[in-house]
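Enquirer: pasted the sequence and its predicted model underneath.
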Amino acid sequence: MSVPNDIHVQAPARSERSHRRPLASWREHHGWSAGASLRRLATKPVGTLLTVAVMGLALALPLAFYLLLSNVQSLGDALGRNQVINVFLKPDQVVSNAQLLAKQVQQHDGVANVTVKTPQQGMDELSKMQGFSDSLHALDDNPLPYVLQVQPQDGIGADAASHLVEDLRGMQGVDLVQDSGTWRQRLDALLEVGNRAVLILAALFALAVLLVVGNTVRVDITSRAEEIGVLKLIGASRAFVRRPYLYAGIWYGLFSGVLAVGLALAIEFALAEPVGRLSQVYEGKLHVGGLPPWLLLAVPVAAALLGWLGARLVSAWQLRRAA
């Protein structure tokens, strides 16, 4: 039986030279396996590109959803996610009481700033509104109370905001607390659903990467069953035989991860111009960010690990069956 002139047949002779130390041989074979597997992928460019493209698209989708979700939160902040809480004091409160209460509120956890609005300021605002000017002139005195405008801290959650509102309502001298808590609760619930959806999508597409790499390695091992049999006859171990396939899985994952990052950056670039116009509409309050650098670096590494895992599972199963 003729021995195929392939990469696996040449390697044992190089790695089993008696005068070399085991660690040096092991390191040399790893380097050889990485290069040999990469060269083998280059011999079938169409199949390699199709496999990498499918995996890259699968990995790019969670990144696109993550980018969208992170900017939905920024849009919510621009639309007033942390809207001011208006605290109306009782009519009998004087300016000293309002200032003292404002200092107490300022010390509360979750409060960024407190502004005291006097009755006269409130009257001036009403007079500028259409339809109120004539009615206000008919009043003998100013019926408006002092109002504390409480600005929550950025990023405060719905639960923390609810606790803050309850504490404000329980303070002495407070008559009414006007809060947009429903808006915050809805937005937080939406973001929570979105975060869970991104995690589920990432898990599903990670499984898809495992399956694609595993099937590709399985087909490759099946097509080279005769060669693998020859390697076993001359004493090659299972770890020695499957090592090039493991590196092939790493290459598949690494290239698909790089492609996914490139697609995500392309989406971010395509959205830059309309998002810039949207930010101008909100007078610069809308700050849209891109994907964080740590995520862009982590995706290729995680994809390479997934490729290695898929190749490891399938190659171990295939070689066990062929034993």
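Expert: It's in. Everything numeric here is computed off the predicted structure, so don't read it as measured data.

Enquirer: what pairs with the host helix or strand of residue 114, and is each one parallel or antiparallel?
Expert: Element membership for residue 114 (DSSP states H and E) is strand 111-117. Here strand 111-117 is paired, per DSSP bridges, with strand 147-152 (antiparallel).

Enquirer: follow-up on the earlier one: the strand holding residue 114 - what's its average pLDDT?
Expert: For strand 111-117, mean pLDDT rounds to 86.

Enquirer: give me the contact list for that strand.
Expert: With contact meaning C-beta atoms under 8 Å, 6 or more residues apart in numbering, strand 111-117 is reached by 95, 98-99, 102-103, 105-106, 146-154, 164. The C-beta positions use only the backbone N, C-alpha and C, and glycine is treated the same way.

Enquirer: now do stretch 242-252
Expert: Stretch 242-252 is contacted from outside by 7-8, 29-30, 33-34, 36-38, 40-41, 48, 51-52, 55, 212-213, 216-217, 220-221, 304, 307-312, 315-316, 319, using C-beta under 8 Å, 6+ apart.

Enquirer: are any of those buried, and which?
Expert: Among the contacts of stretch 242-252, the ones that count as buried by 16 or more other C-beta atoms under 10 Å are 7-8, 29, 33-34, 36-38, 40-41, 48, 51-52, 55, 212-213, 216-217, 220-221, 304, 307-312, 315, 319.

Enquirer: among these, which are located in helices?
Expert: 7-8, 29, 33-34, 36-38, 40-41, 48, 51-52, 55, 212-213, 216-217, 220-221, 304, 307-312, 315, 319 (DSSP state H).

Enquirer: and this structure, what are its domain boundaries?
Expert: 7-78+187-322, 84-179 (automatic domain parsing).

Enquirer: most tightly surrounded among these?
Expert: Highest mean neighbour count of these: domain 7-78+187-322, a mean of 17 (counted as mean count of other C-beta atoms under 10 Å).

Enquirer: where's that domain relative to the chain centroid, distance-wise?
Expert: Mean-position distance between domain 7-78+187-322 and its chain equals 17 Å (C-alpha atoms, centre = their mean, to the nearest Å).
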